[in-house]
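Asker: model this:
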Amino acid sequence: MPINIPDKLPAKNELRQENIFVMSESRALSQQIRPMKVLLLNLMPNKIETETQLLRLLANTPLQVDVEFLRIHSNISKHTPQDHMNDFYRDFDEIKDKNFDGLIITGAPLGDVDFDDVIYWEKIKTVFDWSQQHVTATLFLCWAAHAAFYHLYDLERYIRDKKIAGVFLHQRSQLHDPLLRGFDDEFWVPHSRLAQMNVDELRQHPDLDILAASDEAGAYLVVSKDRRRLFVLGHPEYNVSTLGDEYKRDNDAGLSPSIPTNYFPNDDASQEPRGCWRSHANLLISNWLNYYVYQITPFDLSHLHRRTPWEK
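Answerer: Presented below is the predicted three-dimensional model:
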């Protein structure tokens, strides 16, 4: 089944060229189906690129998904046309009284900025708290995961001496969680960040489970005990070219970045990288939508409640 997105969203044409099933908003209105309602809070500067990456993954599911876009502020964007923001994004006040099956909060290029110094930190905390009553399940990506650990569990990240960037091998920590159904015992995932969570602190926390981790990159998939929060400490949504684009950007800026690990053939930046994480990324989002959202969300979202099959 397709994702349902606005008729003029730029991602629509690119996804259709990739033979990804995208349904226009006008066509979806004629179908007698209760679609999943997913809200995407996009904190990345290049909104259109991130939209396309995540919509590509959301489309790879048998469920019909309606996607709405949320912005954290209405300031002028340096990397996305303002007309695009005004046409497709909503402010929090416009959606705060609505309920959603799923919420995805992206990473943000905030590096080592203290959370309390982030200009929209109070608004982010409001969304985190609001989601506990208005959303069945939330997926936090990279920076958003670190921010949620800090706000919701009082867990501090630490800043690495050197940015971790590359594609790393991960292992499953649990065998039978529904999120991991179909996963290989080992799989590759891109990472690109300065911050890191302490694996021992996550493992010892009574309200969290680590589902997958990497010897080099640390914890990757962490879930709350009730499975309503999924923390993804990497970038499964990345295009094959994304790490290379970031490397070139940092190199051009004179930052002397290291070659991304396990990315360019023979660590030669003149060669084309090959994607080895797309099957995992699609399975991850498909399983999240099915087992953590669809299987427990009410048909009538006005009846949204917090109890899930995993709660005692």
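
Asker: who's in contact with K47?
Answerer: 69, 77, 79-80, 84-85, 89 (CB atoms under 8 Å, 6 or more residues apart in numbering). For every residue, glycine as well, the C-beta is placed using N, CA and C.

Asker: repeat that for 7 Å
Answerer: 80, 84 (CB atoms under 7 Å, 6 or more residues apart in numbering).

Asker: same deal with D112?
Answerer: Counted by CB under 7 Å, 6+ apart, D112 has contacts 159, 194-195.

Asker: roughly how far apart are it and F149?
Answerer: For D112, the distance to F149 equals 16 Å [CB to CB, to the nearest Å].

Asker: follow-up on the earlier one: ranking the contacts of D112 by neighbours, who comes first?
Answerer: Highest neighbour count within these, by other CB atoms under 10 Å: A195, with 21 neighbours.

Asker: Regarding that one, what is its secondary structure?
Answerer: State at A195, reduced to three classes by DSSP: H, G, I helix; E, B strand; the rest coil: strand.

Asker: my read: it touches E156, true?
Answerer: No: the criterion here is CB atoms under 7 Å, and A195 misses it with E156 at 9.9 Å.

Asker: where exactly do the strands run in this structure?
Answerer: 3-5, 22-24, 36-41, 65-70, 89-90, 100-105, 135-141, 157-172, 186-197, 208-214, 218-224, 229-232 (DSSP state E).

Asker: Quick one: these as TSV, columns for mean pLDDT and distance to N287 too.
Answerer: As requested, the strands of the chain are exported to TSV (pLDDT from 0 to 100; distance: least, CB to CB, whole Å):
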stretch	mean pLDDT	distance to N287
strand 3-5	64	17
strand 22-24	56	21
strand 36-41	95	14
strand 65-70	94	14
strand 89-90	94	28
strand 100-105	97	13
strand 135-141	97	11
strand 157-172	95	13
strand 186-197	96	13
strand 208-214	97	11
strand 218-224	97	11
strand 229-232	98	10
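
Asker: do you know which of the ones you listed lies nearest Y263?
Answerer: Closest to Y263 of the strands of the chain, according to CB to CB: strand 157-172, at 5.3 Å.

Asker: just checking, what packs against that closest one?
Answerer: With contacts taken as 3 or more CB pairs under 7 Å, 6 or more residues apart in numbering; DSSP states H and E, strand 157-172 sits against strand 186-197, strand 208-214, helix 242-252.

Asker: Would you reformat the ones you listed as TSV and include distance to R274?
Answerer: Output for those, formatted as TSV (distance: least, CB to CB, whole Å):
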stretch	distance to R274
strand 186-197	11
strand 208-214	19
helix 242-252	11
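
Asker: Of all those, which one is nearest L179?
Answerer: It is, among the helices and strands packed on strand 157-172 and with distance given as CB to CB, strand 208-214, at 6.2 Å.

Asker: got the contact list for the closest one?
Answerer: 168-174, 177, 179-180, 199, 202-203, 219-225.

Asker: for K96, what are its contacts?
Answerer: W130.

Asker: Look up how far S131 lies from it.
Answerer: 11 Å.

Asker: again with H73
Answerer: Counting by CB to CB, the gap from H73 to S131 is 18 Å.

Asker: Looking at those two, which one has more neighbours?
Answerer: S131 (23 against 11).

Asker: Now do the contacts for that one.
Answerer: Shown in contact with S131 (CB under 7 Å, 6+ apart): 103, 138.

Asker: D207 now?
Answerer: Counting by CB under 7 Å, 6+ apart, D207 has contacts 153, 224-225.

Asker: roughly how far apart are it and L233?
Answerer: Distance of D207 to L233, computed by CB to CB: 17 Å.

Asker: Out of the contacts of D207, which comes closest to P298?
Answerer: When the contacts of D207 are compared for distance to P298 (CB to CB), S224 wins out at 19.2 Å.

Asker: tell me the contacts of that closest one?
Answerer: 207-208.

Asker: Can you name the residues bridging to it?
Answerer: On the basis of DSSP bridges, S224 is bridged to L208.

Asker: repeat for F168
Answerer: V189.

Asker: what do you get for Y158?
Answerer: Going by DSSP bridges, Y158 forms beta bridges with Q196.

Asker: so how many other residues sit close to it?
Answerer: Using other CB under 10 Å: Y158 sits among 10 other residues.

Asker: Which positions in stretch 61-68 come out as buried?
Answerer: Within stretch 61-68, the residues scored as buried using 16 or more other CB atoms under 10 Å are 61, 63-68.
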